[in-house]
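Undergrad: pasting the sequence and the predicted coordinates here, then a few questions.
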Amino acid sequence: MWKSKTPGIPDEEFERTESVPITKEEIRAIQISKGRLSAGQTVLDIGCGSGSVTIEAAIQVEESGKVIGVDIDPNAIELTEKNLKKFGITNYTLIEGNAKDKISELPQVDTIFIGGTGGDTKDIVELCQNKIKSGGRIVIGVILIETLYSVLQTIEKLDFESVDITQITIGKSRKTKTGTMMLARNPVTVISATKK
């Protein structure tokens, strides 16, 4: 269905519901680039929501790789599965449950993306440290300043290097009766690092 390899699938291509969040296409494109993915890798997407990051990661790791999506919300798991099928993705596993309980059961992976975690981001980052292979990447998207602060404190105490912090502010165009205006979206901060 989707023919391009480059990240940034338009949001309107995904099945959506009001109750399940989606990582917007521009933010997603930057997050995927920070993951430094390649064919054959295994990726973990914690807080998979609508599945947009899961799908973009699956395209990057190709059929020889694998993506594992985790979400506590059964509606998110159902929507992610619907979107994976829509895009013809087959190299995935979805896990419904609290990530803090499920991480210990998962295999080591090359890259972990952490999105909507309901306030448990710091704890999840700590649990993920031992699930990333040496040289692997962690990519965390945050909106709240308090979450950013706690994640940065945590990352600095753990076994990561090359920490990068990128704040992204996007304006999207919208047609009006008299022309085109730009509407600002919420800034998102992306923290990425490499496992030592």
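TA: Arrived safely. Numbering: from 1, shown residues only.

Undergrad: does anything pack onto the longest strand seen in the chain? Which helices or strands?
TA: If you go by DSSP state E, the chain has its longest strand at strand 132-142. Where contact means 3 or more Cβ pairs under 8 Å, 6 or more residues apart in numbering; DSSP states H and E, strand 132-142 is packed against helix 25-35, strand 109-114, helix 121-128, helix 145-157, strand 188-195. Backbone N, C-alpha and C define where each C-beta goes, glycine included.

Undergrad: deepest-packed of these, please.
TA: Mean neighbour count (mean count of other Cβ atoms under 10 Å) peaks for strand 109-114 among those, with a mean of 26.

Undergrad: tell me the average confidence for it?
TA: Here strand 109-114 scores 98 as its mean pLDDT.

Undergrad: give me the contacts around it.
TA: 31, 35-37, 41-47, 53, 57, 68, 121, 124-125, 128, 131-133, 136-141 (Cβ atoms under 8 Å, 6 or more residues apart in numbering).

Undergrad: at 7 Å instead, please
TA: Outside strand 109-114, the residues that touch it by Cβ atoms under 7 Å, 6 or more residues apart in numbering are 31, 35, 37, 41-47, 53, 57, 121, 124-125, 128, 131-133, 136-140.

Undergrad: if any of those residues are buried, give me the PyMOL selection for them.
TA: For the buried members of the contacts of strand 109-114, the matching PyMOL selection, counting by 16 or more other Cβ atoms under 10 Å, is:
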select buried, resi 31+35+37+41+42+43+44+45+46+47+53+57+121+124+125+128+131+132+136+137+138+139+140
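
Undergrad: Val70 touches Ala99, doesn't it?
TA: Yes: at 5.0 Å, Val70 counts as touching Ala99 under the criterion of Cβ atoms under 7 Å.

Undergrad: with neighbour numbers in mind, choose between the two.
TA: For Val70 versus Ala99, neighbours defined as other Cβ atoms under 10 Å are more numerous around Val70 (27 against 24).
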